[in-house]
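Student: Build the 3D model from these lines:
(chains A and B, ligands or ions: 2)
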Amino acid sequence: MNVLNFINSFFSDNAHWQGYDGIPTRVGEHIEYTLMALGIAAAVGLPIGLVTGHTGRGGNALALIATSARALPSFGLMVLMFILLGLGMAPVMIPLVVLAVPPILVTTYEAMRSVDPAPVDAARGMGMAETAVLFRVELPVALPLILSGLRSAAIQIVSTATIAAYVSFGGLGRYIIDGLYQRNYEKVVGGATLVAAMALATLGLFWALGRLAVSPGVRRRH
Amino acid sequence: MIRIDSVTKRYPDGTVAVDRLSLDIPDRSITVLVGPSGCGKTTTLRMINRMVEPSEGTILLDGVDSRQQPVNTLRRSMGYVIQNAGLFQHRTILDNIATVPRMLGWGKEKSRARARELMERVGLDGALAKRYPYQLSGGQQQRVGVARALAADPPVLLMDEPFSAVDPVVRKGLQDELLRIQEELGKTIVFVTHDIDEAVKLGTMVAVMRTGGKLAQFAPPAELLSHPADAFVEDFLGADRGIRRLSFFPSAGLELLASPIVAVDATAEQIAAAGAAGAPYLLVTDADGKPLGWSEPRELTAGEIKTDRLLSYGRPFVTGADSLRAALDCAVLSPTGWAVAVDAEGRAAGVVSQQVIGEAIRGAHAERRADAEPGADGGEIQKVAP
Ligand SMILES: Nc1ncnc2c1ncn2[C@@H]1O[C@H](COP(=O)(O)OP(=O)(O)OP(=O)(O)O)[C@@H](O)[C@H]1O
Ligand SMILES: [Mg+2]
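Tutor: Numbering: from 1, shown residues only, chains lettered A, B, ... in the order given. Ligands and ions are numbered 1, 2, ... in the order given. Alright, predicted model coming up:
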């Protein structure tokens, strides 16, 4: 039996498309976890990255926090949280957010720092308010890099959100964990394929977002 | 009037960038700050719109301390142009220019209409309106920078080395354009450069600064060239200060000779008469009177003048409009040593030898010396195109 056969039989089995353990449900759950974790991580990382990048202060502290956060193993963190907090969404979300904040924070900071200082100087010189300088001058130019930080965070969340299944939540991790437990490799491969497909879809989504949100004057510069 | 009153700027690291500088910047004219790198020009300029706050002293706008109004109100009343323009790359050219009007709440349509008007004013093709900055040449970007600064029609324009990043030909075009715009708009312009030629060309008044942020001399350009205050200024003006000064003497007084000019269809008698005047060369013109080239009189035969055998006449100067510097330049470049003067239509008005130009220069200097004391004479001198 090769992997392609596994994939084929997994996806052609009608039973896999229905019910609480069906593909639509599991994909839906996975998207839900991903969006929630990405939303929280962005809500933490973006403002801090934007402000520190804009003012140029706190860069070293950021780098330190980001590096230490990267050293934390997501799975271990989840188990620890599970022990501390008991069953719930929090032990799942915390490791995902901890995983996603550093790329968002650090790239946003770097993106803001790498904005050409001349237009910023010109904007201040013509009497633009400081918030307008941030949102109307720096952010539009920093946007492609900021999006790339969000994108790598999103991809990492998509693949890591499978751990939710270990603490009895749903998502695509369910197939992998249950499959391993049941020695049902068809299920394992099917679940892994779905995770990969979702990662690709995420890439596509961010590409489209870039086309929509980034000014042609910035995009075409490269 | 912008009055810089005994202003000192000490940066946090202890650098004294500007040291007790006092300067009265007259309204509706171009004041140039010039000096070697690091002498505090940019710092001085940026203290006017409070991008840098003075450590000591005050800056008065029409007698009122510039700190009396909110800083962004002050800045919106002053156009600001920097080196490399500093355009917003995510905005189209039109929206770049419309920035300050939008900030002042003019509304989208009115701001854009104004931006279009300014594109024309600074000599930009309207077809560029929808482009992004990266699609423009350096010179075009700089024009956009000037248009953006002028958009809300501020009375004051601050320009920090706006033309230093473009090549000399484009720079000359931008300088001429600025003078033309200034003629129309009459702004109070403070212009920073480290190029003394640019300072002399653009400035109504020129402030020469020396390292350490001190004022070395503040004078109209002609006076600067004729009476440098000290060895530093003299050195800064460079070796050809004398030649440059000639830009301020009109060529109108030059005695032009019309006798050595013959038309290409001249009769034998006309050629003989022209040659008899004693000039070593005759200038041949076409039937319209436009110069073609020089020839020795004995080589000209009526009816069969070969225009391709004539000696080049170099570049003519426009009598009246051009300066003695231009006339001298023409004479030096001409293979015969004679300069050709043309009228506004390009027809030969006469010829003049180096010798005669030299006498005119000596005469002009003597006249200037007989004039009032330094300080009083500069203001009256009419600047003529170099
Ligand atoms: N933010 C700053 N902190 C400390 N020193 C500064 C700062 N900005 C400028 N300086 C110093 O102040 C002095 C004057 O600088 P300024 O930029 O005004 O010179 P400039 O005449 O414009 O020079 P250039 O022709 O090179 O642009 C220099 O010695 C410079 O190093
Ligand atoms: Mg400077």
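Student: how far away is the residue most central in space within chain A from A:G45?
Tutor: Against the mean C-alpha coordinate of chain A, by Cα atoms, centre = their mean, the closest residue is A:A154 at 1.9 Å. Per Cβ to Cβ, to the nearest Å, A:A154 is found 12 Å from A:G45. Where C-beta positions appear, they are placed from N, C-alpha and C, glycine not excepted.
Student: hey, what's in contact with both of those two?
Tutor: Counting by Cβ atoms under 8 Å, 6 or more residues apart in numbering or on different chains, the common neighbours of A:A154 and A:G45 are A:A100.
Student: since we're on the residue in the stretch 101-250 of chain B that chain A sits nearest to, how many residues are nearby?
Tutor: For the stretch 101-250 of chain B and chain A, the shortest gap (Cβ to the nearest Cβ) falls at B:Y132, measuring 3.1 Å. For B:Y132, the tally of surrounding residues (other Cβ atoms under 10 Å in any protein chain shown) stands at 23.
Student: How about the top helix by length along chain A, which residues are buried there?
Tutor: In chain A, assigned by DSSP state H, the helix with the most residues is helix A:23-55. Neighbour-count burial for helix A:23-55 flags A:23, A:25-27, A:29-31, A:33-34, A:36-38, A:40-42, A:44-46, A:48-50, A:52-54 (criterion: 16 or more other Cβ atoms under 10 Å in any protein chain shown).
Student: now stretch B:56-74
Tutor: Residues of stretch B:56-74 classed as buried by neighbour count (16+ other Cβ under 10 Å): B:57, B:59, B:61, B:66, B:72, B:74.
Student: What is the nearest of those to A:V214?
Tutor: B:N72 (28.4 Å; Cβ to Cβ).
Student: any idea what sits nearest the closest one, other than its immediate chain neighbours?
Tutor: In space, and not counting its chain neighbours, B:N72 is closest to A:G127: 4.1 Å by Cβ to Cβ, 6 or more residues apart in numbering or on different chains.
Student: Okay, strands next: where are they in the stretch 201-350 of chain B?
Tutor: Here the stretch 201-350 of chain B has its strands, by DSSP state E, counting those that start in this stretch, at B:205-210, B:214-219, B:261-263, B:282-285, B:291-295, B:317-318, B:338-342, B:348-353.
Student: Tell me the strands beside the third one, with direction?
Tutor: Neighbouring strands of strand B:261-263 in its sheet, by DSSP bridges, are strand B:282-285 (parallel).
Student: circling back to that earlier point, state the next helix or strand along the chain beyond the longest helix of chain A.
Tutor: For helix A:23-55, the following helix or strand on the C-terminal side (DSSP states H and E) is helix A:59-71.
Student: May I have that following helix exported as PDB, CA atoms only?
Tutor: Listed in PDB are the C-alpha atoms of helix A:59-71, where the atom choice follows Å, rounded to 0.1, in the frame of the first residue of the first chain:
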ATOM      1  CA  GLY A  59      13.600  46.600  19.600                       C
ATOM      2  CA  ASN A  60      16.100  44.700  21.700                       C
ATOM      3  CA  ALA A  61      13.500  43.700  24.300                       C
ATOM      4  CA  LEU A  62      11.300  42.500  21.500                       C
ATOM      5  CA  ALA A  63      14.000  40.300  20.000                       C
ATOM      6  CA  LEU A  64      14.700  38.700  23.400                       C
ATOM      7  CA  ILE A  65      11.100  37.900  24.100                       C
ATOM      8  CA  ALA A  66      10.600  36.600  20.600                       C
ATOM      9  CA  THR A  67      13.600  34.300  20.800                       C
ATOM     10  CA  SER A  68      12.600  32.900  24.200                       C
ATOM     11  CA  ALA A  69       9.000  32.300  23.000                       C
ATOM     12  CA  ARG A  70      10.300  30.400  20.000                       C
ATOM     13  CA  ALA A  71      12.200  28.100  22.300                       C
END
